[in-house]
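Enquirer: Build me a model from this:
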Amino acid sequence: MDCDGVLTEGFICLLPDGTEFKAFNSQDGHGLKLARRAGLRTGVITGRRSTALEQRARETGIEFLCQAASDKVSYLAELLATHGLAGEAVAFIGDDLPDVPVMQRVGLAVAVANAVPEVKQAAHYVTERPGGRGAVREVIELILKAQNKWNAEFLFLA
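Expert: Below is the predicted model:
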């Protein structure tokens, strides 16, 4: 997935000292933890670098993190080759134009509800929820339900 506009609402908040902070959705975070528990591997390919994203990745179990990606497709290709995966085995969630080339190379291309029109056009699925407000959780639920893993036994493990 992308970060700004997908895991966040897309606001980039810079303090006078240059520190950046981001606001993440708690339901998305819990969804990422459920995805990991279910055996899904998650990752972020983003054009910016952020220590806040690094911390969020650690907290939620995001396994793959590519920041300051000027070419998201190259990182995807490297990831697929390293792990012996086909693009069809990957889902990607995007919101803006730099995400389209990645979306064209995966099996499940998802646009968040507030994505630009070109991203929605490239998507197989458009979320009901906007980026930063539960869209990632919505996609995780969709995948886990399709895999018959979204059930009380799984969801409420202690």
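Enquirer: The protein: helices as residue ranges?
Expert: Ranges of helices in the chain, per DSSP state H, are 26-37, 51-60, 72-83, 100-103, 117-122, 135-146, 152-155.
Enquirer: Flag whichever of those helices has the least confidence on average.
Expert: Lowest mean pLDDT within the helices of the chain: helix 152-155, a mean of 71.
Enquirer: Show me the contact partners of that one.
Expert: Residues from elsewhere that reach helix 152-155 (CB atoms under 8 Å, 6 or more residues apart in numbering): 34, 37-38, 144. To be clear about C-beta, it is placed using only N, CA and C from the backbone, and glycine gets the same treatment.
Enquirer: Can you say which of the helices of the chain is nearest to residue 1?
Expert: helix 135-146 (6.3 Å; CB to CB).
Enquirer: which residues does the residue nearest to residue 88 when sequence neighbours are not counted contact?
Expert: Counting by CB to CB, 6 or more residues apart in numbering, residue 88 lies nearest to residue 107, which is 3.7 Å off, once chain neighbours are set aside. Contact analysis of residue 107 by CB under 8 Å, 6+ apart lists 86-91.
Enquirer: so what pLDDT did residue 107 get?
Expert: On the pLDDT scale, residue 107 is placed at 97.
Enquirer: about what we covered before: just put the helices of the chain in TSV and tack on distance to residue 18 and mean neighbour count.
Expert: Formatted as TSV, these follow (distance: least, CB to CB, whole Å; neighbours: other CB atoms under 10 Å):
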stretch	distance to residue 18	mean neighbour count
helix 26-37	26	18
helix 51-60	11	16
helix 72-83	25	15
helix 100-103	29	21
helix 117-122	29	16
helix 135-146	27	20
helix 152-155	41	10
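Enquirer: which residues sit in contact with the residue nearest to residue 136 when sequence neighbours are not counted?
Expert: For residue 136, ignoring the flanking residues on the chain, the nearest one in space by CB to CB, 6+ apart is residue 28 at 4.1 Å. The contact partners of residue 28, by CB under 8 Å, 6+ apart, come to 7, 132, 134-137.
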